[in-house]
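Undergrad: From the sequence below, what's the structure:
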Amino acid sequence: PVLLYNAAAVFASLRNLFMCVQGSRGRIFQEDYFSGVYELLQEPLDDVTANSLSIAIFQAVRKWEPRVTIRSSDIVVVPNNGLPGYEVTVTITINGVVSKETYDLISNA
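TA: The predicted structure follows:
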């Protein structure tokens, strides 16, 4: 398949990756395509889970999104009791261009 190298396409792909449940085979029909984010949203709404989400997101992006360059410091996860859930800011670099997107992840706990 042809991959689009623009920020909108990549951020849409990341949103799908973040919410893909393990074993659901995802949009690319691979059993190990998932980020672990959905499962972590079952955990308590706190800084420990926020840190776990940050690690899971970083590892998933590095594994599944070849179009971007990302560092662990490019992911900021903050608990937000008003959602309730987490505000996630992801900064990516695509072909030298830096883009940032914020996602609201709603807790299921």
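
Undergrad: Which SSE is immediately downstream of the helix or strand harbouring residue 10?
TA: Using DSSP states H and E, residue 10 falls within helix 7-19. Scanning forward in sequence from helix 7-19 by DSSP H and E, the next helix or strand is helix 37-40.

Undergrad: Can you list the helices and strands that that next one packs against?
TA: Here helix 37-40 touches helix 7-19, helix 47-64, going by 3 or more Cβ pairs under 8 Å, 6 or more residues apart in numbering; DSSP states H and E. For the C-beta atoms, the positions are set from N, CA and C on the backbone; glycine is no exception.

Undergrad: just checking, what packs against the helix or strand that the last one is followed by?
TA: Spelled out, it's helix 47-64. Counting by DSSP H and E, the next helix or strand C-terminal to helix 47-64 is strand 75-80. Strand 75-80 sits against helix 47-64, strand 85-94, with contacts defined as 3+ Cβ pairs under 8 Å, 6+ apart.

Undergrad: any idea of the mean pLDDT in the shortest one?
TA: By that I understand strand 85-94. Taken as a whole, strand 85-94 carries a mean pLDDT of 96.

Undergrad: ditto for the first one
TA: Per-residue confidence for helix 47-64 averages out to 96 on the pLDDT scale.

Undergrad: Other residues contacting it?
TA: Outside helix 47-64, the residues that touch it by Cβ atoms under 8 Å, 6 or more residues apart in numbering are 14, 17-18, 33-37, 40, 43, 68, 70, 72, 74-79, 86, 88, 90, 92, 105.

Undergrad: The last one too?
TA: By Cβ under 8 Å, 6+ apart, the residues outside strand 85-94 that reach it are 5-7, 10-11, 14, 18, 41, 45, 49-50, 53, 57, 61, 65, 67-70, 74-80, 98-107.
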